[in-house]
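Enquirer: Please find the sequence and the predicted model below.
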Amino acid sequence: MSELAYSDYEDILVESSRPAKKDKKVSMLKVIVLVLAILLVFEAIIYTLVIPCMSPVKIEFRGLKTLSAAELGTQITGGVSSPWMKFDTARAVSVLSNVSAIETVSVDKRFPDRVVVLVKEREAVAKTVVSVNDRSIPVQIDRNGVLFTSSSLSYLQDSSVPLLSGLPVDAVQDGMRLPAKYRTLMEQIEEIRELKQRYFAAISEIQVVPKEYGNYELVLYPIQTKVRVLTDRSLNEEALQYMMVVLDVVNSIEPDVEEIDLRYGSVSYRRRTGFKEELF
């Protein structure tokens, strides 16, 4: 009888201890959840308030080919690091739009601390030499007639970018446009550059000769000969092919030729002695 009573007493003790252990586990779980919740709230506060307001903005440039991301970043920020929240996208667009080598630019703020700058650089279709601050410097010209410079001088050795002379740009500012009448010439040059045949590799210089009433003509200087070629303002593949054929014919007939004239629908040439003769 006593053994049965002792066994019942043990069962009561075991059953009374189980709720205590379960309550302890629940309490620990609640503490862990509470700590994690506090950490999550703390991280959210840092992510949404501290980083945008305190952390220096991270500027990422995309689309750069010749321009320096470090130099552009300095121009945007003025050399002073600012937080993402205070970054002025309108000012950044305005500053970069004044860089002559940039054709288009967009600035996008990415939460919480990034700024993505998408840049489209101007592509040179021709080059020329201008006077800036009493110094002669080479500049590039894009298809829209905009003159621009860049830190890279690789275009000077690029034979597909022809050298233009005679343009009314003796003293100019970086980023100015050529007069509208030369826009057609830039478009013609761009079309020729897109051809498979590298025609400009055979031409050292294209001289623009202004005429009356705002018109102009062209003088081409082939590389393989000392003969210069006078032509009208129509510069296209057919005209260049015709010029090459005439050069071969004239050089085979008369080696002492200084100038070939392809204007006015006829072909004539001038010897170095000054005598001019019509070929056909």
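Expert: It's in. These figures come from a predicted structure and were not determined experimentally.
Enquirer: Going along the chain, name the strands of this structure.
Expert: Under the criterion DSSP state E, the chain contains strands at 58-62, 102-110, 114-121, 126-132, 135-141, 147-148, 164-165, 203-210, 216-222, 228-231, 257-261, 268-271, 276-278.
Enquirer: Give me the mean pLDDT for the fifth one.
Expert: Same thing as strand 135-141. If you average the pLDDT over strand 135-141, you get 88.
Enquirer: Give me the sheet partners of it and which way each runs.
Expert: Using DSSP bridges, strand 135-141 pairs in its sheet with strand 126-132 (antiparallel), strand 147-148 (antiparallel).
Enquirer: Would you mind putting the CA coordinates of the longest one into PDB?
Expert: The C-alpha trace of strand 126-132 is given here as PDB (Å, rounded to 0.1, in the frame of the first residue of the first chain):
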ATOM      1  CA  ALA A 126      36.100  64.400 -88.100                       C
ATOM      2  CA  LYS A 127      38.900  66.400 -86.500                       C
ATOM      3  CA  THR A 128      40.400  69.900 -86.900                       C
ATOM      4  CA  VAL A 129      42.800  72.300 -85.300                       C
ATOM      5  CA  VAL A 130      41.500  75.400 -83.500                       C
ATOM      6  CA  SER A 131      43.000  78.200 -81.400                       C
ATOM      7  CA  VAL A 132      42.100  78.200 -77.700                       C
END
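Enquirer: so it versus strand 203-210, what angle?
Expert: 60 degrees (axes from the mean of the first three to the mean of the last three Cα atoms, to 10 degrees).
Enquirer: Centre of the chain to strand 126-132, how far?
Expert: Average the C-alpha atoms of strand 126-132, do the same for its chain, and the two points are 19 Å apart (Cα atoms, centre = their mean, to the nearest Å).
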